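K.L.:
sequence? don't have it. structure:
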């Protein structure tokens, strides 16, 4: 497969970082029983915002873009502070946090998969990079908060939604679709599948120990 230039504009990555910081801070500020302080809320917002990009670049053996471009930290930090400030107003709007999470997954999945393709990664590798980008922030959030890792638990197709979206991007790119169009499809597929799975409680069967005969 021919190597293509990385076509995701900076504003798209900053939008993903901003929404990630907002969603992460809203989530952390809602965990009042854990008595997280202001700094903790901001740190968790930054983890959700930047974690996927950081892990993606490590896997792709690239300099972490979140450290090399100042705007990432500025946008992510400001969004985390905004999320913390808005949480009391939005405390009863649980669907907003869920919706933001789904959209952020789609954005980071699209960026991860398209960046992998631009570096010459194979189709399967690009999908994996997209999934890592999509769920990396949520993984770091769960680790920091000592929560069960979302995609490893019985849940609503967390990683599957990310993989389906990234897979669609790779397929469309193979057929010559422009990356912005393929990326938009990735976001829509990821977010839609994630939200539909939550709405109808779609899950994989839980593993169970084999019973002795």
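P.N.:
Looks like it arrived, so ask away. Source: prediction; values computed, not measured. Residues are numbered from 1 along each chain as shown.

K.L.:
separation between the closest residue to residue 47 other than its chain neighbours and residue 116?
P.N.:
Leaving aside its sequence neighbours, residue 47 sits nearest to residue 140 (CB to CB, 6 or more residues apart in numbering; 4.2 Å). For glycine as for every other residue, the C-beta is placed from the backbone atoms N, C-alpha and C. Distance, residue 140 to residue 116, using CB to CB, to the nearest Å: 20 Å.

K.L.:
Can you pick out the residue with more neighbours from those two?
P.N.:
Taking neighbours as other CB atoms under 10 Å, residue 140 and residue 116 compare with residue 116 leading, 29 against 23.

K.L.:
Contacts only, for the more buried one.
P.N.:
60, 125-126, 128-130 (CB atoms under 8 Å, 6 or more residues apart in numbering).

K.L.:
what are the ranges of the strands in the chain?
P.N.:
Counting by DSSP state E, no segments of the chain form strands.

K.L.:
Residue 119 reaches residue 56, doesn't it?
P.N.:
No - between residue 119 and residue 56 there is no contact under CB atoms under 8 Å: 10.9 Å.

K.L.:
ok, those two, which is more surrounded?
P.N.:
When residue 119 and residue 56 are compared for neighbours, residue 56 comes out ahead with 28 against 16, by other CB under 10 Å.

K.L.:
residue contacts, that one?
P.N.:
108, 111-112, 115, 129, 132-133, 136.
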